[in-house]
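# Sequence first, then the predicted structure, then my questions.
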Amino acid sequence: MAGKFGGALEFAGVSGQHVEMEGYEGILGTQNRSVMAWVKTTGFGDWISWGQNTNTQKWIGRINDNAGNGAVGALRTECSGGYIISTTVVNDGEWHHLAAVLESAGSPIVEDIKMYVDGVREAISNVNPVGIDTVGGRNVWIADGHHDRPLPSVIDDVRIYDHAMTEAEILGAMEGGEGWPYALGPNPKDGALLEDTWASLDWSPGDYAVSHDVYIGDGFDNVNDATRDTPVFQGNQSETTLLAGFPGFPFPEGLVPGTTYYWRIDEVNDADPNSPWKGNIWSFSIPPKTAYNPDPADGAEFVDPNAVFTWTSGFGAKLHTVYMGANSDDVNNAAGGLPLGNASYSPGTLESEKVYYWRVDEFDAIETHKGDIWSFTTPGAVGNPQPANGTADVQLIATLSWTPADNAASHEVYFGTDADAVKNATTASPEYIGPRSLGAASYDPGGLAWDSSYAWRVDEVYPTETVKGLVWTFTTADFILVDDFESYNDIDPPDPNSNTIYSSWIDGYGIPTNGAITSEDLPPYAEQTVVHGGAQSMKYLYDTNLMISESTMTLVYPKDWTEEGVTKLSLWFRGNSANAAEWMFVALNGNAVVYHDDPAATQLTGWNQWVIDLAAFGVDLTNVNAITIGIGTKNSPAAGGTGTMYFDDIRLVR
């Protein structure tokens, strides 16, 4: 059978038809692994399996058929009793490269598995966590497994590796390469935390390497952009090991606590014209001497008044001193506390409706290292900021809101572009917006700047005092959102909280001449399995046989499609090779139409971005009232067919 690369294995999907890899039992125990293959199927079942049929002791790769577990037709990896399921439908009759990668420090669970489809990391539709400890005794099977789930399929280029492959390595394997030219398998593993001032680095060489160019430094860009004539180049060597942090080696005075180091290995073979092969950037960190990873986290809300406070000890810390109070300056200036032997602290029952600050100083037997100021609130205090603290891609028309403290008389709002300035602002500062009365827990900044950072604070005013609030931050988007389908809910009209997709996108429901349906009959009305970004998209059923297929949204915002200098409309769509081949178009204000370049765009698989120059619509872009997504030729019904499309992330960009 013709495969992705030469011949392939073809399976009818009947019991007993599989390939057994005689004498090979796969990767066992808790060891890291990468498992992959090219698979073409329209069915369900196991594409690879090994191990014992007991909880935690087997490894199965399959195409999910259980809607109650996760996305139907998606990649599923399981160990008896648990599973993890991706989102992309892969049983569409097309070739797909399926990969599952396990990387863990020693006690892996299925949540540690990363899954890739066609080289792209998959979002996860569902997880049922269980440990992984694969036990031998059964050879690896292809196209079936323990549970008699034979997969009707064509399978090619099955690979099992004894290490966790990176995305770049997976992409290389996808191409069918016999050799891997890049360094891999860094030790310490990428992102590791080392509690020492020296490190022994090693790696596995690329298949063609004769020697290795070594780069190491404390800046990502410096290492990523480095050449042999830059300071971070440590030389060319034949060995696959390197010491750092000793005299005569990189960083001879020792690695510095609180620093992240980056390193890169370029593989060299002067006899190969493709040499050198630039390596990935790996990193490791030396923990700081100050306390870190506080629990409750900095900025936490609604913290249990009886919580026990913990943190990760600073590098080399022997004793810990905790300071806590309701005033940031007092906590910052406090001294002389009682040292503790353990990295935990129980302050007793805290007051409700309070903003608290705390600090942990670390003593390492030589000196004391003053800690950062962390903050949190207890139930009843001001909180629940919208946008949420740390949110990215906030829209330029956003209004800020919050949940007021239970017993506050009013609010004082601070807002600006500098978080420190907002934190330290008083009512005499330019960041002070002014008071807000009860019932007015919101602030409209009147239009935010494109791709910018903001901070804000709400102080609660009581009859006897004003309590300073936490500082919240967010960043604005570098696009104007038309629709990402995230705001739609399943509350039917006339409930005032209703915001259904079928109320915004008007399709052919009840209209005999319009064959488009863009909402499910029953909740959830928006698509929640096949998505490009976020949690929802628009599923679009079309029928173009002697009818049109259109769905239209009337715009409230944005209507001025020249705002902020935008020049293009971007949207993501996904078709299927089994769809009827049709044109796809976007129309503004009813009849200003632009067609996709591909007359069979409905058959394009995977997520595809369509970017349209706004000038192509030929209309007044300062007054766009409606957007239509259509299938077929607008206003020209003809003999046609049916299919299913998905749309997501409709944006205006520069």
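Nice, I can see it. Numbering: from 1, shown residues only.

# What is the helix or strand where Ala168 lies packed up against?
Using DSSP states H and E, the element containing Ala168 is helix 167-174. Where contact means 3 or more CB pairs under 8 Å, 6 or more residues apart in numbering; DSSP states H and E, helix 167-174 is packed against strand 33-41, strand 95-102. To be clear about C-beta, it is placed using only N, CA and C from the backbone, and glycine gets the same treatment.

# Does anything pack onto the last one? Which helices or strands?
What that stands for is strand 95-102. Partner elements for strand 95-102 (3+ CB pairs under 8 Å, 6+ apart): strand 33-41, strand 74-79, strand 113-117, helix 167-174.

# what do you get for the longest one?
Under the contact criterion of 3+ CB pairs under 8 Å, 6+ apart, the helices and strands touching strand 33-41 comprise strand 45-51, strand 58-63, strand 95-102, strand 153-161, helix 167-174.

# Quick check, pLDDT for the nearest residue to Lys634 once chain neighbours are set aside.
Spatial nearest neighbour of Lys634, excluding adjacent residues (CB to CB, 6 or more residues apart in numbering): Val593 at 5.3 Å. With respect to pLDDT, Val593 has a value of 98.

# Burial check on Val593, number of neighbours?
Val593: 18 surrounding residues under other CB atoms under 10 Å.

# Report the beta-bridge partners for it.
Beta-bridge partners recorded for Val593 (DSSP bridges): Ala587.

# ok, now how distant is it from Asn66?
Counting by CB to CB, to the nearest Å, the separation of Val593 from Asn66 is 42 Å.

# With Glu550 instead?
Using CB to CB, we find Glu550 at a distance of 35 Å from Asn66.

# between these two, which one's more packed in?
A direct count of neighbours by other CB under 10 Å for Glu550 and Asn66 places Glu550 higher, at 24 against 13.

# can you tell me which helix or strand the more buried one belongs to?
Using DSSP H and E, Glu550 sits in strand 549-554.

# Counting by contacts, list what that strand packs against.
Packed against strand 549-554 by the contact rule (3+ CB pairs under 8 Å, 6+ apart) you find strand 505-506, strand 538-543, strand 626-631.

# Of those strands, which is nearest Phe315?
Each of the helices and strands packed on strand 549-554 has some distance to Phe315 by CB to CB; the shortest is strand 538-543, at 50.7 Å.

# outside of the closest one, which residues touch it?
Residues outside strand 538-543 that contact it (CB atoms under 8 Å, 6 or more residues apart in numbering): 485, 501, 505, 515-518, 520, 526-527, 530, 549, 551, 582, 602, 629, 631-632, 640-648.

# Swap in 6 Å and give it another go.
For strand 538-543, the external contacting residues (CB atoms under 6 Å, 6 or more residues apart in numbering) are 485, 515-518, 527, 549, 631, 642-647.

# Make a markdown table out of these and add secondary structure.
Output for the contacts of strand 538-543, formatted as a markdown table (DSSP: H, G, I helix; E, B strand; the rest coil):
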| residue | secondary structure |
| --- | --- |
| Phe485 | coil |
| Gly515 | coil |
| Ala516 | coil |
| Ile517 | strand |
| Thr518 | coil |
| Glu527 | strand |
| Ser549 | strand |
| Ile631 | strand |
| Thr642 | strand |
| Gly643 | strand |
| Thr644 | strand |
| Met645 | strand |
| Tyr646 | strand |
| Phe647 | strand |
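
# now the spatially most central residue of the chain, nearest residue through space, not along the chain?
By CA atoms, centre = their mean, the mean C-alpha position of the chain lies nearest to Ala123, the distance being 7.4 Å. Computed as CB to CB, 6+ apart, the closest residue to Ala123 that is not its neighbour in sequence is Thr87, at 4.8 Å.

# quick one: the one helix or strand in the chain whose mean pLDDT sits lowest to chain centroid distance?
Sorted by mean pLDDT, DSSP states H and E, the helices and strands of the chain end with helix 167-174, the least confident at a mean of 84. Taking the mean of its C-alpha atoms, helix 167-174 sits 19 Å from the chain's own mean (CA atoms, centre = their mean, to the nearest Å).

# Could you give me the buried positions within that helix?
Going by neighbour count (16 or more other CB atoms under 10 Å), the buried part of helix 167-174 is Glu169, Ile170, Leu171, Gly172, Ala173, Met174.

# Check the spacing between the fifth one and Ile124 real quick.
Counting by CB to CB, the gap from Ala173 to Ile124 is 22 Å.

# likewise the third one?
Remark: distance between Leu171 and Ile124 (CB to CB) = 21 Å.

# Show me the strands in the stretch 401-550 of the chain, by range?
Secondary structure of the stretch 401-550 of the chain, counting by DSSP state E, counting those that start in this stretch: strands at 410-416, 432-437, 442-443, 453-461, 466-467, 471-476, 480-483, 505-506, 538-543, 549-554.

# Deepest-packed of these, please.
Neighbour counts (mean count of other CB atoms under 10 Å) averaged over each of those peak at strand 538-543, with a mean of 24.

# was I right about the residue nearest to the centre of the chain contacting Ile85?
No. Look at Ala123 against Ile85 with CB atoms under 6 Å: they stay out of range, at 10.3 Å.

# quick one: the residue nearest to the centre of the chain from Gly68, how far?
19 Å.

# what do you get for Leu75?
The spacing between Leu75 and Gly68, counted by CB to CB, is 17 Å.

# the more surrounded of these two?
The residue with more neighbours, out of Leu75 and Gly68, is Leu75; 29 against 6, by other CB under 10 Å.

# Can you get me a residue count around Gln528?
18.

# which element follows the least confident helix or strand of the chain toward the C-terminus?
In N-to-C order, the element after helix 167-174 by DSSP H and E is strand 184-187.

# Run through who's touching that following strand.
With CB under 6 Å, 6+ apart as the test, strand 184-187 has contacts from His163, Asp202, Trp203, Ser204, Trp282.

# Is the first one in contact with Arg33, as I believe?
Right, His163. No. If you go by CB under 6 Å, His163 and Arg33 don't touch, sitting 7.4 Å apart.

# Looking at those two, which is more packed in?
Higher neighbour count among His163 and Arg33: Arg33, with 24 against 18, using other CB under 10 Å.
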